[in-house]
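> Kindly generate the corresponding structure for this input.
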Amino acid sequence: MAEHAIALSSRVRLARNYGEIPFPAGMSAANAARVAEKVMGSLAGCSGLEPIHKVNMAELSAVARQELVERHMISTELANKDEGFLVEILNGQICLMVNEEDHLRIQAILPGLELGRAMDLANKVDDVLEEGGYAFDGRLGYLTACPTNTGTGMRASVMLHLPALTMLSQMGPIIRTVSRIGLTVRGQYGEGSEASGNLYQLSNQITLGRNESEILHLLGESAIQVIAKEAEARRELLNKNALSLEDRLMRSYGIFKNARRMDVKEFMQRISDIRLAADLGFLDLAQRELDTLLLAAQPAAIQRRLGPEASKEEIDFERAKLIRRSLA
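Reported below is the predicted structural model:
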């Protein structure tokens, strides 16, 4: 089983704050403007990170903000802050959230299991912005709004598609095992979210007491082990009854390409089945096509295309139409 079929993406996020400016929770509008000035001033004098595109939250509708959340470009917290903004760097490979919970959240996302490269990208931006003077303690490390981020300020994660482990009810033991070594398993939108579509984020829970290399090594090795367990679970399902498994997945495909209405909950389950069917060779579909459809069929993405007055029923009908077009 190809590693990239299970590990969909890797993310490294660095939380940083400027010294002598209150953290966002206690920050005035004037201080928020100071942060913005520091950020854009540092980036303006830097080469090698183009193109750079700034998006102010105050200029976006609620639907447009939610679409950025669906695309994992911003957090729900930033979406709710008019004084915050997003800076897209290198065509969205790096997303810089400004004036969220911390002054800066530097986030690099790459397809597949690429934690090392994602860290390199995040560090490039971090080095440029550090000239603004970070809040740093020689004993504790980088100071952050939430104590759980103090230290390295780094959260790294791998997005994993784990349908076979879920079918065999093996996710519980895996979650308990990784928690013992300072890792955690969350849903596709991170803390507090469900594992919709059998998508799970494996990430570090500890930022203090370990350096970045140690955290990335632990997370990477753990991800490889979980990927191996998922591949083994898929073989087990095939060995038990390959025809029954194929029948289940292909029934999902039949509904997927013929339905005239589909809500997002059903969509997530069906696309998980279809991704698994493609991975197992039952269907000739490219993972990239499914990744594109996964984002395009989310509620806010559809509502932005239909308009703010679109009802849930209209969105569900449009989702089914989008699926049929993409599979035509």
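> Which residues are in contact with Arg260?
Phe317, Ala320, Lys321 (Cβ atoms under 8 Å, 6 or more residues apart in numbering). (Each C-beta comes from the backbone N, C-alpha and C, glycine too.)
> Out of those, which sit inside helices?
Phe317, Ala320, Lys321 (DSSP state H).
> Tell me how far stretch 162-176 lies from the chain's centre.
20 Å (Cα atoms, centre = their mean, to the nearest Å).
> can you give me the mean pLDDT across that stretch?
On average, the pLDDT along stretch 162-176 is 95.
> Over to stretch 256-266?
97.
> Using PDB, list the CA coordinates for it.
Taking Å, rounded to 0.1, in the frame of the first residue of the first chain, the C-alpha atoms of stretch 256-266 are listed here in PDB:
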ATOM      1  CA  PHE A 256     -22.200   8.800  -5.300                       C
ATOM      2  CA  LYS A 257     -22.400   9.200  -9.000                       C
ATOM      3  CA  ASN A 258     -26.200   8.900  -9.300                       C
ATOM      4  CA  ALA A 259     -27.600  10.700  -6.300                       C
ATOM      5  CA  ARG A 260     -29.500  13.900  -6.900                       C
ATOM      6  CA  ARG A 261     -29.200  15.200  -3.400                       C
ATOM      7  CA  MET A 262     -26.400  14.500  -0.800                       C
ATOM      8  CA  ASP A 263     -25.700  16.200   2.600                       C
ATOM      9  CA  VAL A 264     -22.200  16.800   3.800                       C
ATOM     10  CA  LYS A 265     -22.200  13.900   6.300                       C
ATOM     11  CA  GLU A 266     -23.100  11.300   3.700                       C
END
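> Quick one: neighbours of Pro147, just the number.
Neighbour count of Pro147, defined by other Cβ atoms under 10 Å: 11.
> Can you give me the separation between the residue nearest to Ile175 when sequence neighbours are not counted and Ser47?
Nearest residue to Ile175, sequence neighbours excluded (Cβ to Cβ, 6 or more residues apart in numbering): Val185, at 4.7 Å. Val185 sits 39 Å away from Ser47, going by Cβ to Cβ, to the nearest Å.
> Quick check on Asn99: phi, psi?
phi 60, psi 40 (degrees, to the nearest 10).
> ok, it - contacts?
Applying Cβ under 8 Å, 6+ apart, the residues near Asn99 are Pro24, Met27, Ala32, Val35, Ala36, Leu78, Lys81, Glu83, Gly84, Phe85.
> Adding neighbour count and distance to Glu130, write the residues you listed out as CSV.
CSV is the format used below for the contacts of Asn99 (neighbours: other Cβ atoms under 10 Å; distance: Cβ to Cβ, whole Å):
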residue, neighbour count, distance to Glu130
Pro24, 21, 19
Met27, 17, 20
Ala32, 21, 20
Val35, 23, 14
Ala36, 19, 17
Leu78, 23, 21
Lys81, 20, 23
Glu83, 20, 23
Gly84, 26, 20
Phe85, 25, 19
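> most residues in a single helix of the protein, which one?
Under DSSP H, the chain gives helix 212-258 as its longest helix.
> Any idea how far the very next helix or strand once past that one is from the middle of the chain?
Later in the chain than helix 212-258, the nearest helix or strand by DSSP states H and E is helix 264-279. Here the centre of helix 264-279 is set off from its chain's centre by 18 Å, with Cα atoms, centre = their mean.
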